[in-house]
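> Here's my sequence, what's the structure:
(one chain, ligands or ions: 2)
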Amino acid sequence: LSSGNCSSDSVARLGGQQSRAAAKEVGAFTSFRGWSALRSLEVVPVLGPLVGARTFASALLGGMLCGVVVDKFWSLGQESCGSGKFVERCLGGGEGGIGDGDHCVRGASNRIRSRSVSFSTEVEVATTSSGVRKEKETTRGIAADSRNISLGTVLNSPPSSVPSHPAGDIGFKPSDESDTISTVLGSSRNSTVLLQQDSVLNSSHPYKLSEQENPLRVGPFVECLEIAGGRTLSGEVKISGAKNSGLAVLAGALCSEQQLCLRMIPDLHDIRRMFQVLQSVGVQVQRTPSGSIKVDASNITSVEPCPEAVRKLRASFFVIGALVGRKGEAIVPLPGGCNIGARPIDLHVRGLEALGAQVEIRQGKVHARAMNGKHLVGGHFCLDYPSVGATETLMMAAALADGKSTLSNVAQEPEVKDLADFLISCGAIIHGAGTNTLNITGRRKLHGTDYQIIPDRIEAGTFLIAAAITHSTINIAPVVPSHLTSVTSKLCAIGCHIQQTSSNGLKINSPQVLRSIDIRTLPYPGFPTDLQPQLMSLLTTCNGQSIVEETVFESRMRHVEELQKLGANVKVSQNIAIISGRDQGSSLYGAPVLATDLRAGAALVLAGMAAEGTTHIEGVSHIDRGYEKLDQKLRLLGASIQRFPCLPSELTILLRTRAFLVTQSTK
Ligand SMILES: CC(=O)N[C@H]1[C@@H](OP(=O)(O)OP(=O)(O)OC[C@H]2O[C@@H](n3ccc(=O)[nH]c3=O)[C@H](O)[C@@H]2O)O[C@H](CO)[C@@H](O)[C@@H]1O
Ligand SMILES: C=C(OP(=O)(O)O)C(=O)O
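Residues are numbered from 1 along each chain as shown. Ligands and ions are numbered 1, 2, ... in the order given. A predicted model of the protein is given here:
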């Protein structure tokens with residue numbers, strides 16, 4: 001209601017036949033677009049594709065008006081359960097669950113604390129020669145004080161507050177105190193009968209839920225994106241600070257003993273997790289109202305960051321270099337990150353050893369200790385591969401080591417240079433940043449700084465591709481145009497027109513017909529692997545056959561299977577994909593798909609915008625790891641993209657299967 005994410009129309013649809021039919025078709029998805037709004041009242045209502053959306057609306061409205069706080073609640077019942085029984089059971093069960101048909105609902109929330117729920121459904125029935133046809137169905141929630149409030153009214157004036165939850169596991173015993181009264185309200189000249197069905201539930205006996213009554217506990221809801229394809233984009237989009245710079249610089253913050261102010265750090269899941277990593281070793285991190293980040297790592301209290309936080313993202317591992325450099329010791333769990341390959345850490349380990357560390361890997365943790373127990377010492381190390389992460393880890397370690405270090409065959413990515421520039425602004429002595437060799441003279445202490453990171457070239461590239469795939473004209477800023485050369489040159493080869501509008505702005509214009517190209521991902525300045533999935537989505541819409549070769553990560557083709565679900569004609573052999581374009585029978589149409597990792601998710605968003613019809617994307621948390629408000633930014637450009645809560649995929653599959661079985665048995 002207050003999030004503004006949801007129109008009255010979409011909530012109203014929750015109560016209509018439309019959503020019921022749609023729900024039957026696609027399982028859990030379609031009817032629950034109103035949830036984001038309802039969530040703001042802490043009412044996450046009932047899911048029951050087969051119970052009938054009318055019932056949900058009733059339960060919701062009644063619940064809301066009576067101050068019910070329903071959480072984690074869904075059901076799979078049958079129409080025969082009837083609205084009265086349904087609501088009754090909604091209010092009577094345990095926390096979350098799936099019904100078994102007869103007992104259509106096995107649970108409401110522990111938090112439910114309503115005493116009385118009433119709802120009313122008006123049905124207009126048209127009597128025709130071929131029988132009786134339902135014309136219109138209207139549901140109203142009726143508050144305990146008998147206020148009769150329609151869906152529309154509720155939208156415009158939501159209850160001012162929802163009472164706080166009672167302590168403990170209080171529920172309400174299912175009872176047979178519900179009653180349904182049907183009244184014929186009248187009939188009009190064209191034989192339309194208005195039928196009012198009033199159901200009242202009075203459950204007034206709180207009781208403690210037992211485990212038996214609460215048999216199925218399912219995880220929390222996740223978020224989905226719903227994209228209606230075919231819109232063109234226009235306007236300007238603001239590019240956020242680079243995720244991979246932000247993460248590296250936050251790790252680098254551990255090198256400094258004084259106050260730091262970091263600017264343009266994007267607000268992302270990964271960044272927040274990195275805050276947790278730092279906080280777990282005693283660093284104070286705070287986002288100020290202006291958006292800058294204040295970091296104080298003067299007092300490091302532990303050399304072992306929180307394993308749960310570290311395991312969620314790749315960059316968290318990079319703190320090992322700064323920690324061992326600063327404290328002489330670090331114990332860091334093996335990292336997480338996108339599931340795009342084995343992603344070993346051997347180069348980090350060997351590099352640290354070259355700088356005088358003793359490294360052991362035990363029980364999933366990397367234990368690094370300076371040989372003399374206190375400080376690393378300068379050394380020489382040549383990376384077998386220009387790994388971004390290993391370069392960053394070793395740069396931080398060398399910046400604090402005693403003496404001089406030379407790191408060769410290092411990564412030259414702009415984010416690596418950004419980390420070097422940040423460390424230099426803290427007093428580090430680093431030469432060669434942005435080239436393949438770094439010469440670093442270590443210092444025992446680094447001072448504070450005020451530093452702004454670079455704009456995200458991967459986000460910028462994603463928006464350029466978004467414009468290309470929707471045949472649109474947009475402006476993007478701020479960017480560093482030279483960081484995007486490999487991307488813009490490919491987009492121009494495809495047929496787009498790209499113009500530099502200012503020192504930090506680009507304009508892209510994409511014609512209706514685009515042509516195929518071949519790409520190979522490479523370390524910078526080659527084409528970035530982090531844009532490969534997005535570019536592949538675009539290539540499915542170009543004329544001709546394209547070849548994409550992924551050389552950086554060995555398993556970064558998982559998006560292909562999902563693109564195929566959208567109709568893309570892509571064949572994969574190991575790390576090579578052959579994409580047949582539009583003139584070769586590839587045409588995108590909406591379907592439910594799953595984002596398997598961050599950039600795969602972005603690729604599906606782009607494909608969804610070009611597809612005919614509606615695309616539902618699950619796995620949105622991956623996208624949120626690395627894109628700041630992607631859906632919001634695209635919406636501002638004119639895309640039709642909505643976010644709403646849905647069931648986790650396992651449960652959705654269960655529901656769909658169940659829905660299918662029930663449909664079959666009804667037939
Ligand atoms: C947080 C962050 O900055 N992530 C980026 C970083 O990841 P990350 O730093 O993990 O990527 P790397 O450059 O290290 O990985 C590149 C290749 O090197 C291999 N490798 C890496 C380290 C090692 O010790 N041994 C080894 O064999 C990897 O398995 C991979 O095949 O660079 C990647 C390549 O541009 C990007 O896709 C990621 O978005
Ligand atoms: C692979 C990526 O991130 P990470 O290294 O954090 O998994 C990415 O940003 O595409």
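> how's the chain carved up into domains?
Per automatic domain parsing, the structural domains of the chain span 8-220+651-666, 226-239+456-646, 243-452.
> beta partners for residue 451?
Going by DSSP bridges, residue 451 is paired in beta bridges with residue 262.
> Mind pulling up the pLDDT for it?
Reported pLDDT at residue 451 in the predicted model: 98.
> That one contacts residue 420, correct?
No. Using Cβ atoms under 8 Å, residue 451 is not in contact with residue 420, being 11.6 Å away. The C-beta positions use only the backbone N, C-alpha and C, and glycine is treated the same way.
> So those two - more neighbours on which side?
Using other Cβ atoms under 10 Å, the more surrounded residue of residue 451 and residue 420 is residue 420, with 26 against 23.
> Pull the contacting residues for that one.
Contact partners of residue 420, counting by Cβ atoms under 8 Å, 6 or more residues apart in numbering, are 395, 428, 430, 433-434, 438.
> can you pick the most crowded of those residues?
Counting neighbours by other Cβ under 10 Å, residue 395 leads the contacts of residue 420 with 30 neighbours.
> is it true that that one lies in a helix?
Yes. With DSSP: H, G, I helix; E, B strand; the rest coil as the criterion, residue 395 is part of a helix.
> ok, it to ligand 2 distance?
Here the criterion is Cβ to the nearest ligand atom, to the nearest Å. By it, residue 395 lies 17 Å from ligand 2.
> Find the closest residue to ligand 1 in the stretch 301-450 of the chain.
Residue nearest to ligand 1 within the stretch 301-450 of the chain (Cβ to the nearest ligand atom): residue 389, separated by 2.7 Å.
> Apart from its chain neighbours, what residue comes closest to that residue?
Ranked by Cβ to Cβ, 6 or more residues apart in numbering and with sequence neighbours excluded, the top spatial neighbour of residue 389 is residue 318, at 5.7 Å.
> Quick one: classify the one you found as helix, strand or coil.
What three-state DSSP gives for residue 318 is helix.
> Any figure for the gap between it and ligand 2?
In terms of Cβ to the nearest ligand atom, residue 318 sits 10 Å off from ligand 2.
> what does residue 414 give?
Using Cβ to the nearest ligand atom, one gets 13 Å for the distance from residue 414 to ligand 2.
> ok, now residue 642?
Look at residue 642 and ligand 2: by Cβ to the nearest ligand atom, they are 24 Å apart.
> Would you agree residue 385 falls within a strand?
No. Residue 385 sits outside any strand when classified using three-state DSSP, being coil.
> ok, back up a step: can you put the contacts of residue 420 in CSV and add secondary structure, pLDDT and distance to residue 414?
Formatted as CSV, the contacts of residue 420 follow (DSSP: H, G, I helix; E, B strand; the rest coil; pLDDT from 0 to 100; distance: Cβ to Cβ, whole Å):
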residue, secondary structure, pLDDT, distance to residue 414
395, helix, 98, 14
428, coil, 98, 18
430, strand, 98, 15
433, coil, 97, 10
434, coil, 96, 8
438, strand, 98, 15
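> Looking at those, which two lie furthest apart in space?
By the measure Cβ to Cβ, 428 and 434 form the most distant pair in the contacts of residue 420, at 15.0 Å.
> got a list of what residue 375 touches?
By Cβ under 8 Å, 6+ apart, the residues touching residue 375 are 325, 328, 356, 400-402, 444.
> Serialize the residues you listed to CSV and add fields for secondary structure and neighbour count.
CSV is the format used below for the contacts of residue 375 (DSSP: H, G, I helix; E, B strand; the rest coil; neighbours: other Cβ atoms under 10 Å):
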residue, secondary structure, neighbour count
325, helix, 30
328, coil, 19
356, coil, 21
400, helix, 28
401, coil, 27
402, strand, 18
444, coil, 11
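> Return the member of these nearest to ligand 2.
Ranked by distance to ligand 2 (Cβ to the nearest ligand atom), the contacts of residue 375 are led by residue 325 at 21.8 Å.
> Pull up the gap between the nearest residue to the closest one once chain neighbours are set aside and residue 560, please.
Nearest residue to residue 325, sequence neighbours excluded (Cβ to Cβ, 6+ apart): residue 400, at 3.2 Å. According to Cβ to Cβ, to the nearest Å, residue 400 and residue 560 sit 43 Å apart.
> In which helix or strand does the closest residue to residue 248 other than its chain neighbours reside?
Among residues not flanking residue 248 along the chain, residue 419 sits closest, at 4.3 Å (Cβ to Cβ, 6+ apart). Using DSSP states H and E, residue 419 sits within helix 414-425.
> Quick check: buried residues in that helix?
Across helix 414-425, burial judged by 16 or more other Cβ atoms under 10 Å covers 414-425.
> right, and residue 270 touches residue 247 too?
Yes. Assessed by Cβ under 8 Å, residue 270 is found in contact with residue 247 at 6.3 Å.
> So if I had to pick from the two, which one is more boxed in?
Legend: neighbour count by other Cβ under 10 Å for residue 270 and residue 247, higher for residue 247 (30 against 24).
> residues near residue 527, how many?
Here the number of neighbours of residue 527 (other Cβ under 10 Å) works out to 24.
> got it, and residue 296?
Other residues close to residue 296 by other Cβ under 10 Å number 18.
> Do I have it right that it meets residue 260?
Yes. If you go by Cβ under 8 Å, residue 296 and residue 260 touch, sitting 7.5 Å apart.
> Bridging across strands, which residues link to residue 380?
Residue 380 forms beta bridges with residue 406, as assigned by DSSP bridges.
> Local confidence estimate at the closest residue to residue 522 other than its chain neighbours?
In this structure, residue 522 finds its nearest non-sequential neighbour in residue 551, 6.1 Å apart by Cβ to Cβ, 6+ apart. With respect to pLDDT, residue 551 scores 97.
> residue contacts, residue 551?
520-522, 529, 575.
> Which residues of the stretch 301-450 of the chain lie near ligand 1?
Applying Cβ under 6 Å from any ligand atom, we find that the stretch 301-450 of the chain lies next to ligand 1 at 314-315, 341-348, 385, 387-390, 411, 415.
> for the protein, which spans come out with low pLDDT?
Within the chain, the ranges that satisfy pLDDT under 70 run 1-222, 645-667.
> Would you quantify the distance from residue 293 to ligand 1?
Using Cβ to the nearest ligand atom, residue 293 is found at 17 Å from ligand 1.
> So in terms of bridging, what pairs with that residue?
Beta bridges link residue 293 to residue 262, residue 287 when assigned by DSSP bridges.
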